[in-house]
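Student: structure, please.
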Amino acid sequence: MQLCKNLIEKFGITTFEQLNKGWSADKKYIIETADGKKQLLRIANIKGHDRKKHEFEMMQRIAVLGIPMSQPIEFGVCADDGTVYQLLSWVEGEDAITALPLLSETEQYLLGIKSGEILRKIHSIPAPDNQVDWETRYNKKINNRITANQECADQGLIVCGMEYMQSYVENNRHLLKGRPQCFQHGDYHVGNMLIENGKLAIIDFNRCDFGDPWEEFNRITFSGAASPHFATGQLHGYFDGEPPEGFFELLAFYTAANYLGGLSWARMFGEEEIAFARKQFAEILSWYNNMQETVPSWYINDIYIQWADGIPYKLKGPYDFTFLNKYGKVFKVFDEQGSGNIAFGIESDGQSSPFFVKFAGAPIQNYFADSDGAINTQDAIDRLKYSVQLYKDLEHPNLIKFLDAEEIGGGFATIFKYSDAKGIEPLNSPNYMKFMQLPIEKKMQAFEDIVDFHIHVAAKGYVALDFYDGSILYDYERDKVIICDIDTYQKSPYVGDLGLMGSARYVSPEECAKDTEMDEITNVYTMGATAFSLFAYGNRSHDAWPLSMTMYDVAKKAINDDRVDRQQTIKQFITEWRAAM
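Tutor: Numbers count the residues shown, from 1 in each chain. Got it, this is the predicted structure:
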């Protein structure tokens, strides 16, 4: 790996590292100069001089708009080898495509809104007056892609469903007539965005061009696959609300037209990219129901953002939460509950400990209680009211501390002592991995705490339903488990009429069958499933088990499909478990 000597001297480069990311033909280097500045140096073939100079000049125009991006510093020709270079500022951050899934859905959506607002600024630069009309230009692209696709087919490279895309494009070419043109980033999607401390930055303008502003969304497929909330937010941010009439019809058209040449592009890079292209084709055809629909299924059309004391949260529609002022100041919102509830961490000047307030009655974004998809807030209220007696009856050192409950704000609230413990879901999230990587002795104690609570549940005459990772909090300062969300526990024995609840990694066979009795033996299964989840990432094989094989046999016995072959009480389970240590 060599760098032009002239550039090393010119910029006072002390260290450099080649950056092997992206599909550009440019060679990219992360450099550090003598004055400690970290920058990005892009090197291209001299044959592309005019193109790269135009790209640099357009980046200068874009930077003036206040776009968060790599700032253009200098463009020139390297005297040593005749290559052209662009010197840009370095932007710190994690690739959005990997960072987004680790954020809350609300955070994803708000970053999507920001990306749409940024794109709208980029599109404020008009196309030159002498630009060839868009209909002529884009029809030529379509024709070239159809030809390239046919060449692939002639060589036996075929993707199932391509005919749906081509037919949709052919039948909708008229949509190109009279479309406006503006400056385009050229490759605007989560693969060319960085996230750092909740802020978004845009990179890689090397495919910039002029064209229909709506055509720029043809790569939102990458964003939609990574985060439907981000992709939806991008559209809402760009249009300052719902997209206008006719947008989705054109989006489907541009998406299909773009992927007509997908296989031809992918085969230049090998089998791995061909496989990736096939996966994308399948996703797109699924989103658009084989091009029978124009609105992709990833699009969320009923999301509404509200703020409480500067903290954002999402709903299906507006709701008056001013009654929360009674409890204090909101510092955290939990808005991804499927139970129909939304919860708030609230600080009060008159209290030594914050409150955790769970509320039912608002139109929660993730909640569907009716089979027709309607929001049944009364059902959520009834369930939350039912839970009050549970928390009273099952009070325990390992259970979140219940304080009070009341009808308020047109709904119902339960109030608990707030715990700064962290949840251990979703799977593979940072919180999950942090817990899973605890020393084995700490996880053993956590498991004992969970089992101890459920021995208490059984003694009080209840059966635990819907217990899973999401019910477990862990206090890393005190090395203690706190159990929450026991709202669906029932008196034992219980014959199910609530339908299947909970994670498939935890539920017993009887919880999946209609009109089947559930009791303490059901929760023996739950404890066995919990052991596999906490110690073996949910894998129930011998090879994945990190403890002794005798302990494996105890856990395996607990999850036997046949109830009579399990331990018959949780006490029996934990006795065998301890004996096997």
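Student: SS state for the spatially most central residue of the chain?
Tutor: Taking CA atoms, centre = their mean as the criterion, Pro101 is the residue nearest the geometric centre of the chain, at 2.9 Å. Using DSSP: H, G, I helix; E, B strand; the rest coil, the three-state assignment for Pro101 comes out as helix.
Student: residue contacts, it?
Tutor: With contacts defined as CB atoms under 8 Å, 6 or more residues apart in numbering, Pro101 is in contact with Ala226, Ser227. Any C-beta I mention is one placed from the backbone N, CA and C, and that applies to glycine too.
Student: state the pLDDT value of it.
Tutor: Pro101 carries a pLDDT value of 89.
Student: next one: Asn376
Tutor: Reading off the confidence values, Asn376 has pLDDT 74.
Student: the domain parsing of the protein - what is it?
Tutor: The domain map for the chain lists 5-89, 94-287, 304-417, 423-579, with the assignment taken from automatic domain parsing.
Student: before we move on, back to that, and the residue nearest to the centre of the chain, how far from Glu520?
Tutor: Using CB to CB, to the nearest Å, we find Pro101 at a distance of 38 Å from Glu520.
Student: tell me which element Gly76 is part of?
Tutor: Per DSSP states H and E, Gly76 falls inside strand 72-77.
Student: please apply the same query to Ala504.
Tutor: Taking DSSP H and E as the definition, one finds Ala504 inside no helix or strand.
Student: one more: the one 10 residues further on?
Tutor: Counting by DSSP H and E, no helix or strand carries Lys514.
Student: what is the burial count for the closest residue to it other than its chain neighbours?
Tutor: Distance criterion CB to CB, 6 or more residues apart in numbering; nearest residue to Lys514, sequence neighbours excluded, is Gly496 at 7.2 Å. For Gly496, the number of neighbouring residues by other CB atoms under 10 Å comes to 18.
Student: who's the residue nearest to Ser353 when sequence neighbours are not counted bridged to?
Tutor: Distance criterion CB to CB, 6+ apart; nearest residue to Ser353, sequence neighbours excluded, is Lys417 at 5.5 Å. In this structure, Lys417 has beta-bridge partners Phe355, where bridges are defined by DSSP bridges.
Student: how about the contacts made by Phe281?
Tutor: Val159, Cys160, Gly161, Met162, Met165, Tyr259, Gly262.
Student: which of those residues scores worst on pLDDT?
Tutor: For the contacts of Phe281, the minimum pLDDT belongs to Gly262; the value there is 71.
Student: my read: that one touches Glu283, true?
Tutor: No. Between Gly262 and Glu283 there is no contact under CB atoms under 8 Å: 11.6 Å.
Student: more crowded one of these two?
Tutor: Set side by side, Gly262 and Glu283 show unequal neighbour counts under other CB under 10 Å, the larger going to Gly262 at 24 against 16.
Student: tell me how far the more buried one lies from Ile97.
Tutor: 18 Å.
Student: got it, and Arg42?
Tutor: Noted for Arg42: a distance of 21 Å to Ile97, by CB to CB.
Student: looking at the two, which has the bigger crowd around it?
Tutor: Comparing Arg42 with Ile97 by other CB under 10 Å, the one with more neighbours is Arg42, at 22 against 19.
Student: could I get the full set of strands for the stretch 451-581 of the chain?
Tutor: 462-463, 472-475, 480-483, 490-491, 494-495, 517-518 (DSSP state E, counting those that start in this stretch).
Student: in TSV, list the contacts of Phe281 along with secondary structure.
Tutor: Output for the contacts of Phe281, formatted as TSV (three-state DSSP):
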residue	secondary structure
Val159	coil
Cys160	coil
Gly161	coil
Met162	helix
Met165	helix
Tyr259	helix
Gly262	helix
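Student: most neighbours out of those, which is it?
Tutor: Met165 (26 neighbours).
Student: so that one touches Gln292, yeah?
Tutor: No. The pair formed by Met165 and Gln292 falls short of the contact definition of CB under 8 Å, at 11.9 Å.
Student: output the below-cut-off pLDDT ranges for this structure.
Tutor: Counting by pLDDT under 70, the chain contains low-confidence ranges at 1-2, 22-23, 263, 265-266, 268-269, 366-375, 497-502.
Student: quick one: Tyr304 from Gln567, how far?
Tutor: Shown here: Tyr304 relative to Gln567, a distance of 48 Å by CB to CB.
Student: now do the contacts for the residue nearest to Lys514.
Tutor: In this structure, Gly496 makes contact with Glu511, Lys514, Asp515, Thr516, Met518, judged by CB under 8 Å, 6+ apart.
Student: now a PyMOL select for only the buried ones of these.
Tutor: The following PyMOL line selects those of the contacts of Gly496 that are buried, judged by 16 or more other CB atoms under 10 Å:
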select buried, resi 511+518
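Student: can you map out the strands along the stretch 301-450 of the chain?
Tutor: According to DSSP E, counting those that start in this stretch, the stretch 301-450 of the chain carries its strands in the segments 304-308, 311-315, 329-334, 341-347, 355-360, 402-408, 411-417, 422-423.
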